[in-house]
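Colleague: A predicted structure for the sequence below; I have some questions about it.
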Amino acid sequence: MAARVLGRAGRLAAVVRSSALQLRLHGSAGLRFGSQASFFPPLGDAMLPSGSFNNHVALITGGGTGLGRAMTATLSQLGAQCIIASRKLDILQRTAEEISSQTGNKVHAVQCDVRDPQAVSQCVDQMEALTGLPDVIINNAAGNFVCPSERLSPNAWKTITDIVLNGTAFVTLELGKRLIQNQKGASFLAITTIYAESGSGFVVPSASAKAGVEALYKSLAAEWGRYGHRFNIIQPGPIRTKGAFSRLDPTGAFEKATIDRIPTGRLGTPAEIANLAAYVSSNYASWMSGAVIRFDGGEYVSLAGEFNELRSVTPDQWKILEVMIRNTKGS
Ligand SMILES: CCCCCCCCCCC/C=C\C=C\C(=O)SCCNC(=O)CCNC(=O)[C@H](O)C(C)(C)COP(=O)(O)OP(=O)(O)OC[C@H]1O[C@@H](n2cnc3c(N)ncnc32)[C@H](O)[C@@H]1OP(=O)(O)O
Ligand SMILES: NC(=O)C1=CN([C@@H]2O[C@H](COP(=O)(O)OP(=O)(O)OC[C@H]3O[C@@H](n4cnc5c(N)ncnc54)[C@H](OP(=O)(O)O)[C@@H]3O)[C@@H](O)[C@H]2O)C=CC1
């Protein structure tokens, strides 16, 4: 009997040793479970009741492309009159026409480089003439590229921080002052990123500027509630847009690894973030201010936990690891 038990233990120990070696040699390659993305299908329809933004005016910076375009489309579909502002007027005009023709609601295109406070002031003048002051302001415009920090010129640093931090501040302060003067409330939303919180190498100007935007919005949430202003932040995880992916993963080499570390097994979609932005900007969220909403399929926590790599250990490997752990005596 004892010999039988010892024999089994010996065989088990041999399996443990060989499997542990396999694990060390090959990691978990080929041992992944099937994609879990099918559990988390993205829905594309506008989530709020139709007419939720009737008689509302929304300004979306960078609204001609990518996520800004998707937010504009959703707000417009829900009844808002939108103004989209960025540098490239031709792109803005094309987007405005396409969205207007689909929703039946007017979308205005206004050229504006948010780095230039005078241009921002003129943009707001133009907006006042077209629609009056806005009820919803979405600071979405941004610039970014991956680059080792030792290769950054002073102008590269300035370019990104000017668009992201100064641009957001110029738009927010210009509109805030005029809204306060007119005793008009508004919802301000800033689009940042998950690494605004953690920091990240290779996108250091963007990380620094987005962290600044978060501090700006949290501070104003505290200060300007008394004027009827709400300030919230959405931190998106990876969502495919030409603007982001062409500058952050130009060869596409990192996309699979990115998806693999997202617990929901897929990238986000523009329509999903547009629904969240619409909710946060709507009167349904009138008690929400100073909020930082991470919207990333779980990527941030997945990157943060040092044991999360153990997801790729199979049930059979777990049996072996458990035996090894239980068999450890002493320290
Ligand atoms: C492990 C990898 C994982 C990859 C994952 C896949 C993707 C994950 C997505 C997750 C995304 C998370 C956050 C995203 C945040 C974003 O903001 S994405 C939005 C990006 N969109 C844009 O950037 C659109 C607008 N961008 C632009 O217009 C330009 O790119 C630019 C440069 C920001 C501004 O244009 P412009 O004013 O014309 O500026 P330039 O004159 O061209 O340049 C100014 C200075 O900057 C230097 N520069 C420019 N490009 C680079 C580069 N690639 N590397 C180094 N330096 C650069 C340029 O030389 C100028 O400096 P000098 O005058 O000194 O030469
Ligand atoms: N896609 C993603 O995975 C993620 C995106 N984000 C954030 O989402 C937002 C939208 O990004 P995304 O849609 O992906 O990328 P895009 O490149 O499509 O959007 C950036 C927009 O900013 C505008 N813009 C850039 N510089 C200026 C400027 N100086 N003045 C005015 N407008 C400017 C651009 O228009 P123009 O060139 O006409 O000026 C463009 O429309 C950004 O804030 C980005 O940081 C955050 C995390 C993840």
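Modeller: Happy to help now that I have it. Ligands and ions are numbered 1, 2, ... in the order given.

Colleague: next to ligand 2, which bits of the stretch 51-200 of the chain? Give me the list.
Modeller: Within the stretch 51-200 of the chain, the positions adjacent to ligand 2 are 61-62, 64-68, 86-88, 91, 112-115, 140-143, 163, 167, 191, 193 by CB under 6 Å from any ligand atom. Where C-beta positions appear, they are placed from N, C-alpha and C, glycine not excepted.

Colleague: of those, grab the buried ones for PyMOL.
Modeller: Listed next is the PyMOL selection for buried residues among these, using 16 or more other CB atoms under 10 Å:
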select buried, resi 61+62+64+65+66+67+68+86+87+91+112+113+114+115+140+141+142+143+163+167+191+193
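
Colleague: among the residues of the stretch 51-200 of the chain next to ligand 2, which ones are in strands?
Modeller: Among these, the members found in strands (DSSP state E) are 61, 86, 191.

Colleague: so Ala109: helix, strand or coil?
Modeller: Ala109 falls in the strand class when you classify it by DSSP: H, G, I helix; E, B strand; the rest coil.

Colleague: show me the longest strand that occurs in the protein.
Modeller: The chain, longest strand under DSSP E: strand 229-236.

Colleague: in PDB, list the C-alpha atoms belonging to the helix or strand encompassing Asn155.
Modeller: Taking DSSP states H and E as the definition, Asn155 sits inside helix 154-161. Provided in PDB are the C-alpha atoms of helix 154-161 (Å, rounded to 0.1, in the frame of the first residue of the first chain):
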ATOM      1  CA  PRO A 154      11.300  70.700 -27.300                       C
ATOM      2  CA  ASN A 155       8.900  71.400 -30.100                       C
ATOM      3  CA  ALA A 156       7.600  67.900 -30.100                       C
ATOM      4  CA  TRP A 157       6.900  68.200 -26.400                       C
ATOM      5  CA  LYS A 158       5.300  71.600 -26.800                       C
ATOM      6  CA  THR A 159       3.100  70.400 -29.800                       C
ATOM      7  CA  ILE A 160       1.500  67.600 -27.800                       C
ATOM      8  CA  THR A 161       1.100  69.400 -24.500                       C
END
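
Colleague: count the residues that sit near Thr161.
Modeller: By the measure other CB atoms under 10 Å, the count of residues near Thr161 is 19.

Colleague: related to what we said a few turns ago, and the helix holding Asn155, which residues are buried?
Modeller: Of the residues in helix 154-161, 159-161 count as buried by neighbour count, 16+ other CB under 10 Å.

Colleague: just to revisit the earlier point, out of the ones in strands among the residues of the stretch 51-200 of the chain next to ligand 2, which is nearest to Ile273?
Modeller: Ile191 (8.0 Å; CB to CB).

Colleague: where does the nearest residue to that closest one once chain neighbours are set aside fall, phi/psi-wise?
Modeller: The shortest distance from Ile191 to any non-neighbouring residue, by CB to CB, 6 or more residues apart in numbering, is to Asn140 (4.6 Å). Backbone torsions for Asn140, taken as degrees, to the nearest 10, come to phi -120, psi -20.

Colleague: my guess is Asn140 contacts Thr72. True?
Modeller: No: in this structure Asn140 lies outside contact range of Thr72 using CB atoms under 8 Å: 9.3 Å.

Colleague: if I look at the two, which residues touch both of them?
Modeller: 60, 63 (CB atoms under 8 Å, 6 or more residues apart in numbering).

Colleague: what mean pLDDT does stretch 232-241 get?
Modeller: Mean per-residue pLDDT for stretch 232-241: 98.

Colleague: offset the numbering so it begins at 568, please.
Modeller: Got it, first residue is 568 now, which makes that one stretch 799-808.

Colleague: what's the residue nearest in space to the middle of the chain in contact with, if anything?
Modeller: In the chain, the centroid-proximal residue (CA atoms, centre = their mean) is Pro803; its distance is 1.1 Å. Each residue near Pro803 by CB under 8 Å, 6+ apart is listed here: 634, 758, 760-761, 835, 840, 862-863.

Colleague: try 7 Å this time
Modeller: Counting by CB atoms under 7 Å, 6 or more residues apart in numbering, Pro803 touches 634, 758, 760, 835, 840, 862-863.

Colleague: before we move on, back to that, report pLDDT for the residue nearest to Ile758.
Modeller: Asn707 is given a pLDDT of 98.
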